[in-house]
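**Student:** Okay, here's the prediction I keep looking at, along with the sequence it came from:
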Amino acid sequence: MANNKQINYLNKDFSTFKSDLIEYAKSYFPTVYNDFSQASPGSMFIEMAAYVGDVLSYYLDNQLQETFLQYAKQPNNLYSLAYMLGYRPKITSAAIADLDVFQTVPSKIVGGQYYPDFDYALVVQPGMQVQSNVSTTAYFYIPEKVDFTISSSYDPTDISIYSLSSGNPDKYLLKKSAKAISGQLKSQTFTFGNSDRFPRITINDSNIISIVKVTDSDGNIWYEVPYLAQDYIFNPVQNTSTNYPSLNQFSNQVPYIIDKISVPRRFISRVLSNQSLVLEFGSGINSVADSAIIPDPSTVGMGLTNGLTLLNTAFDPTNFVTTQTYGLTPKNTTLTVQYLVGGGASSNAQSNQLTVPVSFTVTGNNTSQQNTIVTNNPLPAAGGGDGDTIEELRMNSMVQYSSQLRAVTQQDYMSRVLSMHPKFGKVAKVYVTKDDSTFVQYSKNSPANRDQSLVSLYVLGLDSNANLAQPSQALSQNIDTYLSEYRMMTDTINIKSAFIINIGCIFDVIIRPNFSGQDVIARCITALQDYFNIDNFQINQPIILSNVYSLLDQVQGVQTTQNVQITNLYGESSGYSKYSYDIPGATINDILYPSLDPSIFEVKYLDKDIQGRVVTF
């Protein structure tokens with residue numbers, strides 16, 4: 001009987017469920033029940049059934065929506081989808097600074113001449129922490145060692161006279177340059193008992209930049225890998241005569257050699273939507289050697305036993321470099337996890353602020369000299385910024401999947417730079433193009449041809465106030481190093497700074513009767529502040545004045561917008577960009593165009609650079 005009854009499968013909400021249930025009861029149970037008033041028990045049961053149907057329909061639609069990256073809204077689902085597509089979400093971006101590290105040493109006399117006594121020179125081990133002199137919460141971390149005992153073309157030591165005694169040098173000042181990233185070093189310990197497959201630990205902290213080191217109670221080091229099937233890392237080894245006798249002659253140019261080492265003790269890390277960090281370890285299966293699982297390249301192409309060739313067979317390239325053992329699992333030990341926290345726009349310290357060394361370890365013949373070590377940053381730190389917003393996470397994840405980690409098109413280079421790991425710095429804006437100034441002249445009579453292999457990358461960072469700033473040398477170097485892993489072999493990357501054009505906006509509006517002019521102007525300024533927010537502008541994006549007029553006309557209390565004027569603000573002494581710009585000459589048909597050189601319009605001080613007044617007809 002039920003199969004012959006007409007059932008509507010298009011119901012989606014409470015009202016349609018209820019009306020169809022009533023019609024169903026009237027059609028198939030006319031003599032059983034016919035009281036459909038609001039006070040009847042039957043209506044109660046019908047409405048309860050409609051309620052259940054409405055709730056189930058909502059959650060079914062919601063769950064289906066959350067499985068698609070372009071429609072998902074819940075952060076935890078977006079994070080899971082991002083990792084599935086190969087993108088690592090960023091919860092914070094660290095600033096990068098070029099630090100000068102100083103140490104004083106006494107002088108000594110050799111052959112009647114005064115020289116620094118390098119017997120007092122120290123080696124500052126990796127992990128030095130430096131604090132800002134204006135903020136007790138701003139820390140910077142130096143990941144590499146600072147060695148005052150040697151000087152080379154790669155790592156030179158500047159020497160100057162620090163003090164005189166009776167007209168002769170008494171002390172010398174040694175100076176080294178080091179790269180530092182914003183972040184405070186923290187640690188947590190985790191105890192493991194019996195062996196467990198793929199155990200996980202969670203670090204509950206905020207603004208975690210990266211894992212620095214993981215060691216167990218036996219002194220073993222655990223290494224982070226992109227995925228547990230990868231059983232190796234590229235380890236930089238110092239180029240010394242002991243490590244590399246045949247390569248030591250190039251130590252000035254190549255101080256470290258990349259060495260591929262096997263790491264059975266390894267882990268992966270994943271960031272959750274609540275900003276905590278989860279570390280996952282291996283399965284503990286180590287009875288089968290990796291060589292028995294990884295295919296042998298010398299026999300892969302031999303074909304099948306029936307004589308069929310494999311010349312046209314597509315092999316997964318990861319099969320030749322991965323293993324299914326997934327690494328060891330911690331057992332009856334205690335792990336100490338050291339990690340960095342910090343970053344954000346506030347970490348972009350100004351120059352001459354990073355002057356307080358707070359923790360470091362030194363080695364040398366006279367470690368008592370460690371109290372002479374000081375630091376300073378002659379240039380501002382740059383690159384710090386916030387983590388991914390929901391839309392940035394969505395867009396970066398989709399780009400990651402389509403690009404498949406390669407950089408071929410201009411959009412690929414842009415996505416690679418914007419997806420750079422936060423510990424290497426934050427790129428606020430990026431624009432990729434071919435360099436029009438580079439030509440290849442084949443003959444005197446032939447036209448100039450552009451070098452298609454040269455990629456020009458125009459980037460901008462952020463200062464401590466989250467305003468646009470030219471990228472520091474450290475940030476540019478990190479971008480260049482990072483892109484070298486993904487670029488085409490024939491591409492040459494030229495990293496440049498885009499031009500910043502600071503502007504102001506002055507407007508006149510006519511208000512409606514019975515409205516306060518002060519309130520209307522305040523609402524107009526708020527609307528323009530949202531419009532000119534630098535997050536809404538990209539390099540080489542024009543300003544369409546008709547959109548500004550339309551925006552002001554929609555503000556409550558505005559009858560009409562009389563005039564909108566864009567002005568150029570420049571001068572480093574006033575806190576603006578040093579570049580001036582001909583605003584009237586660049587405005588055509590109410591569209592303000594940027595310069596031919598890649599540039600971006602920025603209202604630097606939103607509170608004072610946007611001004612308005614009330615006028616009459």
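**Tutor:** Looks like it arrived, so ask away.

**Student:** Regarding the chain, what is its longest helix?
**Tutor:** With DSSP state H setting the assignment, residue counts place helix 41-65 as the longest helix in the chain.

**Student:** what's the host helix or strand of G612 packed up against?
**Tutor:** Taking DSSP states H and E as the criterion, the element that holds G612 is strand 610-614. Based on contacts counted as 3 or more C-beta pairs under 8 Å, 6 or more residues apart in numbering; DSSP states H and E, the elements that strand 610-614 packs against are strand 499-511, helix 517-531. C-beta: built from backbone N, CA, C; applies to glycine.

**Student:** Output it as PDB, nothing but the C-alphas.
**Tutor:** Coordinates of the C-alpha atoms in strand 610-614 are reproduced here as PDB (Å, rounded to 0.1, in the frame of the first residue of the first chain):
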ATOM      1  CA  ILE A 610      40.500  61.200   5.200                       C
ATOM      2  CA  GLN A 611      38.700  64.500   5.800                       C
ATOM      3  CA  GLY A 612      35.200  65.700   5.000                       C
ATOM      4  CA  ARG A 613      33.000  68.700   5.400                       C
ATOM      5  CA  VAL A 614      29.300  69.600   5.000                       C
END
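
**Student:** That one vs strand 499-511, what angle?
**Tutor:** Following axes from the mean of the first three to the mean of the last three C-alpha atoms, to 10 degrees, one obtains 20 degrees for the angle between strand 610-614 and strand 499-511.

**Student:** For strand 610-614, what is the distance to the chain centroid?
**Tutor:** For strand 610-614, the gap between its own C-alpha mean and the chain's C-alpha mean amounts to 37 Å (C-alpha atoms, centre = their mean, to the nearest Å).

**Student:** May I see the buried residues of that strand?
**Tutor:** Using 16 or more other C-beta atoms under 10 Å as the burial criterion, the residues of strand 610-614 that qualify are 610, 612, 614.

**Student:** So what touches it?
**Tutor:** With C-beta atoms under 8 Å, 6 or more residues apart in numbering as the contact definition, strand 610-614 has outside contacts at 504-511, 517, 520-521, 524-525, 528-529, 532, 603.

**Student:** ok, of the residues you listed, which come out buried?
**Tutor:** Applying 16+ other C-beta under 10 Å to the contacts of strand 610-614, the neighbour count classes 504-505, 507, 509, 511, 520-521, 524-525, 528, 532, 603 as buried.

**Student:** Of all pairs in those, which one spans the longest distance?
**Tutor:** The span of the buried ones among the contacts of strand 610-614, defined through C-beta to C-beta, is set by I511 and V603 at 23.3 Å.

**Student:** re the thing from before, and the longest helix of the chain, what other elements does it pack with?
**Tutor:** Short answer (3+ C-beta pairs under 8 Å, 6+ apart): helix 41-65 packs on helix 14-28.

**Student:** what residues does the helix it packs on touch?
**Tutor:** The set of residues external to helix 14-28 that reach it, using C-beta under 8 Å, 6+ apart, is 5-8, 10-11, 33-34, 36, 42, 46-47, 49-51, 53-54.

**Student:** now stretch 352-361
**Tutor:** Contacts of stretch 352-361 (C-beta under 8 Å, 6+ apart): 97, 99, 124-125, 127-135, 138-140, 180, 185, 370, 373-378, 381.

**Student:** my guess is G86 contacts N396, does it?
**Tutor:** No - using C-beta atoms under 8 Å as the test, G86 is too far from N396 to be in contact (10.6 Å).

**Student:** In CSV: the helices and strands packed on strand 610-614, plus distance to S580 and mean pLDDT.
**Tutor:** Formatted as CSV, the helices and strands packed on strand 610-614 follow (distance: least, C-beta to C-beta, whole Å; pLDDT from 0 to 100):
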stretch, distance to S580, mean pLDDT
strand 499-511, 9, 94
helix 517-531, 22, 94
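
**Student:** of all those, which lies closest to I201?
**Tutor:** With C-beta to C-beta as the measure, helix 517-531 is the member of the helices and strands packed on strand 610-614 nearest I201 (41.9 Å).

**Student:** Give the next helix or strand downstream of the closest one.
**Tutor:** With DSSP H and E setting the assignment, the helix or strand that follows helix 517-531 is strand 543-544.

**Student:** Now do the next helix or strand after that following strand and strand 499-511, the angle between them.
**Tutor:** Once strand 543-544 ends, the next helix or strand along the chain (criterion: DSSP H and E) is helix 545-553. Angle, helix 545-553 to strand 499-511, by the same axes, to 10 degrees: 40 degrees.
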